[in-house]
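Student: this is a predicted model, with the sequence first.
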Amino acid sequence: MPGILVIGEVAGGRLLPASLEAAAAGAALAKSFGEPLFGALMGDAGGALDSATEAFAAGFATLYLVEHASLHSYTAHAHASAAQAVINAAGPSVVICPHTLRAREWVPCLAAAIDTGLIMDCTGVAADGADLVAHKPVLGGGVVGEFVIRAKPIAPRIVTLRSGASARAADAPNAKVERLPFEATANDRVTLLEEIAAQTSSGPKISDAKIVVSGGRGLGSPDNWHHIEAAASALGAAVGCSRPVADSGWVNSSHQVGLSGNSINAELYVAIGISGAVQHLAGINSSAVVAAINTDAQADIFTRAKYGVAGDYKEVLPAFVERVRQLKG
Amino acid sequence: MNIVVTVKQVADPNIPPSHIQLDDEAKRIISPFGIPPVMNGYDANALEEALRLREAHQGKITAITLGEESSRDVLKRAVAMGANTAVLLSDPEWLHADSASVGQLIAAGIKKSGPFDLVLCGRQASDTDGGQVLHWIARYLDIPVITPVVKIDAVEGDTITVQRLTDDGVQRLKVKLPALLGVSSEMNEPRLPSMRGLMGAGRAMIAAWKKKDIPVELPAPRVELRKLAIQIRDSKAEMIPGKTGAEQGAALADKLREKGLI
């Protein structure tokens, strides 16, 4: 019997949409392994957890809830302990969580605590006989690793799933909800002092903007940066930059996209004068469509881009901006 | 304050993707000729923070790595930047260890290298992007782990106050030492080694420990790497035609509108 357990994430007062993608991947695995599908949510009792339960409940045999005041603000210790309580109750063979900044901390804490196998930031999971196979981009996405966690003696096998890796679950009947008792153990080694919300700057935040316009060294000089600003403003987009541009101080490094900067999740990423080193492509891995403008038609960015313009941005971009303004009326 | 910094030698992330090469048999990434491997960027941030902590609180910095014999280079770099001592864990039997086993071995190496107050690790390695070795080290040392950390606010007595990055800001956390922190790139700008440092590093004593020095029984791997594959993007970009740059620019806007993207 065991089962596939999907642990959704409740953050900012709502169910994180990536939780539904994890549920879809879990449903497919449950079918392949012939095992039941379980869900779980953890949080402070009340508002956010109730609405998240509503949004998440479809398709599970049982949806486990861990409600406790210690889960109000996120800490790795409390989250990992609560997940452990769910695992003890459900006894799953596989656990799937959406890959988030939190998951990056608490999921490996959990895996290490219960001494099991974990693969994080996967773009796909599948059954291979009784084994679990996961694909995970490495080296900034230039290379894909195929990892396997064998059925025995590793249990449960844990994966975190990158957003966009799986289609959302179709409508299905709601689960039976089961609330689990949870005794929070005090953590005398780590104390949460305060949560400080990020200062909101003007314009969309780069990490959750729908469109990002990004400039690279190909612009030639910081004096040309206004071209990027103009394009971003016409598109209602956030502004990004490559590492050399941030390193040279043309723009604040908070705009940097890539391995040592922001990972972006945009529907459209417009790269201007960016050649496309591994370090940069790592940050745009999960962006849907990339359009690139570069003088060098052989630049690596064109192997990642869907649409490309080989040309001088000084000629291309002003006409692009003007046309965008016309189209958006 | 005694600080241990874990460092890893990785393929230079500034290589163009078209230059990536794989050793299929060994299932690893090869650095192309002329582009030598480098210290993982997040580890360089961790070492920089250790140097700053030593400047403020005195103490000693030990750099430790697990890898092939060629990983001596990354330790020399660490010494050139200012680490006091360096430890290389290298044994043919360890080369295919999974994250859990690597963490267990490094934890054993840290214990053997002497008393410590703080372990600083990069939040993840830029080659494998695994991000879990630090948790296994913490587990085998039985110390708390906080990651990704973007700032150290204070060290007072046996506690350290840090800022951890969240999806919508930061959390301030007070952590009892000894502890392990996963360092993110926002924390600092790593220094370049001084000329004197570089010259000293050539003569640096590096402790090299093998299986006989670290008597750890490793369990069967929990996770196995079956293969690595270069991600072939067979669909090259659709290039937008035009007689002039201006024509191409307008045509690109039309294309994006046609596809419902703008």
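Tutor: Perfect, I can see it now. Numbers count the residues shown, from 1 in each chain, chains lettered A, B, ... in the order given.
Student: for the chain, give me the ranges with low pLDDT.
Tutor: Since you didn't name a chain, this refers to chain A. A:164-171, A:199-204, A:260 (pLDDT under 70).
Student: the chain in question should be chain B.
Tutor: In the predicted model, chain B carries pLDDT under 70 at residues B:232-235.
Student: quick one, longest strand in it?
Tutor: Ordering each strand of chain B by length in residues (DSSP state E) puts strand B:145-156 first.
Student: partners of that one in the sheet?
Tutor: Strand pairing for strand B:145-156, determined by DSSP bridges: strand B:159-166 (antiparallel), strand B:179-183 (parallel).
Student: can you list contacts of that strand?
Tutor: With CB atoms under 8 Å, 6 or more residues apart in numbering or on different chains as the test, strand B:145-156 has contacts from A:76, A:101, A:104-105, A:109, A:190, B:1, B:49, B:53, B:56-57, B:123, B:131, B:134-135, B:138, B:160-165, B:170, B:172-173, B:175, B:179-184, B:186-187. All C-beta atoms are positioned from the backbone trio N, CA, C, and that covers glycine.
Student: and the closest residue to chain A within chain B, backbone torsions?
Tutor: As assessed by CB to the nearest CB, chain A sits closest to residue B:245 within chain B, at 2.6 Å. Phi and psi for residue B:245, reported as degrees, to the nearest 10, are phi -60, psi -40.
Student: check the offset of the longest strand of chain B from the chain's centre.
Tutor: 17 Å (CA atoms, centre = their mean, to the nearest Å).
Student: how about that strand as CSV, C-alpha atoms only?
Tutor: Taking Å, rounded to 0.1, in the frame of the first residue of the first chain, the C-alpha atoms of strand B:145-156 are listed here in CSV:
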residue,chain,number,x,y,z
VAL,B,145,21.9,24.8,10.2
ILE,B,146,20.5,28.1,8.8
THR,B,147,20.4,28.8,5.1
PRO,B,148,20.5,30.9,2.9
VAL,B,149,22.1,33.5,5.2
VAL,B,150,22.7,37.0,3.7
LYS,B,151,24.1,38.8,6.8
ILE,B,152,25.7,38.2,10.1
ASP,B,153,24.5,40.9,12.5
ALA,B,154,26.4,40.0,15.7
VAL,B,155,28.5,37.5,17.5
GLU,B,156,27.9,37.7,21.3
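Student: isn't the residue of chain B closest to chain A right up against residue A:312?
Tutor: Yes. Between residue B:245 and residue A:312 there is a contact under CB atoms under 8 Å: 5.4 Å.
Student: number of residues surrounding residue B:11?
Tutor: Here the number of neighbours of residue B:11 (other CB atoms under 10 Å in any protein chain shown) works out to 27.
Student: now do residue B:202
Tutor: When neighbours are defined as other CB under 10 Å, residue B:202 has 9 of them.
Student: how far away is it from residue B:7?
Tutor: Note on residue B:202: its distance to residue B:7, by CB to CB, to the nearest Å, is 18 Å.
Student: for residue B:147, same thing?
Tutor: From residue B:147 over to residue B:7 the distance is 16 Å, taken as CB to CB.
Student: more crowded one of those two?
Tutor: residue B:7 (29 against 26).
Student: which residues touch the more buried one?
Tutor: B:39-40, B:43-44, B:46-47, B:63-65, B:74-75, B:77-78, B:122.
Student: what sits closest to it if chain neighbours are left out?
Tutor: Once flanking residues are discounted, residue B:7 sits nearest to residue B:43: 4.4 Å by CB to CB, 6 or more residues apart in numbering or on different chains.
Student: any idea whether that neighbour is helix, strand or coil?
Tutor: Under DSSP: H, G, I helix; E, B strand; the rest coil, the three-state class of residue B:43 is helix.
Student: is it true that it touches residue B:122?
Tutor: Yes. Counting by CB under 8 Å, residue B:43 sits close enough to residue B:122 to count as a contact (4.0 Å).
Student: quick check: neighbours shared by these two?
Tutor: Residues touching both residue B:43 and residue B:122 (CB under 8 Å, 6+ apart) are B:6, B:7, B:8, B:183.
Student: get me the contact residues on the stretch 1-150 of chain A for chain B.
Tutor: Neighbours of chain B within the stretch 1-150 of chain A, by CB under 8 Å from any CB of the partner chain: A:11-12, A:73-77, A:100-102, A:104-105, A:108-109, A:111-113, A:115-121, A:133, A:136-150.
Student: gap between the nearest residue to residue B:206 once chain neighbours are set aside and residue B:72?
Tutor: Of all residues not flanking residue B:206 in the chain, residue B:86 sits nearest, at 4.7 Å (CB to CB, 6+ apart). Distance, residue B:86 to residue B:72, using CB to CB: 8 Å.
Student: which of the two has more neighbours?
Tutor: Shown here are residue B:86 and residue B:72; by other CB under 10 Å, residue B:86 has more neighbours (26 against 18).
Student: what does the helix or strand containing that one contact?
Tutor: Counting by DSSP states H and E, the element that carries residue B:86 is strand B:85-89. Outside strand B:85-89, the residues within contact range by CB under 8 Å, 6+ apart are B:60-67, B:69, B:71-72, B:75-76, B:78-79, B:105-106, B:109, B:113, B:204-209, B:214.
Student: so which residues of chain B form helices?
Tutor: Under the criterion DSSP state H, helices of chain B are mapped to B:41-57, B:72-81, B:99-113, B:133-141, B:195-202, B:245-258.
Student: which other helices and strands contact the helix or strand that contains residue A:48?
Tutor: Assigned by DSSP H and E, residue A:48 falls within helix A:47-56. Counting contacts by 3 or more CB pairs under 8 Å, 6 or more residues apart in numbering or on different chains; DSSP states H and E, helix A:47-56 is packed against strand A:10-11, strand A:14-15, helix A:18-33, strand A:37-43, strand A:62-67.
Student: care to break chain A down by domain?
Tutor: Chain A breaks down by automatic domain parsing into domains covering A:4-180, A:206-328.
Student: okay, those in TSV with mean neighbour count next?
Tutor: Listed next are those as TSV, based on neighbours: other CB atoms under 10 Å in any protein chain shown:
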stretch	mean neighbour count
domain A:4-180	20
domain A:206-328	22
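Student: kindly reformat those as CSV and extend each row with distance to residue B:228.
Tutor: Converted to CSV, the domains of chain A look like this (distance: least, CB to CB, whole Å):
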stretch, distance to residue B:228
domain A:4-180, 5
domain A:206-328, 14
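Student: which one of the ones you listed lies closest to residue B:18?
Tutor: The closest of the domains of chain A to residue B:18 is domain A:206-328. By CB to CB, the value is 5.6 Å.
Student: need the distance between the two termini of the closest one.
Tutor: With CA to CA, to the nearest Å as the measure, domain A:206-328 spans 21 Å from end to end.
Student: got it, and stretch A:303-319?
Tutor: 24 Å.
Student: run the chain-centre distance for it.
Tutor: Per CA atoms, centre = their mean, the displacement of stretch A:303-319 from the mean C-alpha position of its chain is 28 Å.
Student: quick one: that stretch near chain B?
Tutor: Yes. Residues of stretch A:303-319 are located near chain B by CB under 8 Å from any CB, namely A:303-312, A:314-319.
Student: which of these fall within strands?
Tutor: A:307, A:308, A:309, A:310.
Student: so which of these is the closest to chain B?
Tutor: When those are compared against chain B (criterion: CB to the nearest CB), the nearest one is residue A:308, at 3.4 Å.
Student: that closest one against residue A:295, yeah?
Tutor: No. Using CB under 8 Å, residue A:308 makes no contact with residue A:295, being 11.5 Å away.
Student: apart from its chain neighbours, what residue comes closest to residue A:41?
Tutor: residue A:8 (5.1 Å).
Student: contacts only, for the closest residue to residue A:185 other than its chain neighbours.
Tutor: Excluding its sequence neighbours, the residue lying closest to residue A:185 (CB to CB, 6+ apart) is residue A:81, at 6.1 Å. Residue A:81 sits next to A:182, A:184, A:185 when contact means CB under 8 Å, 6+ apart.
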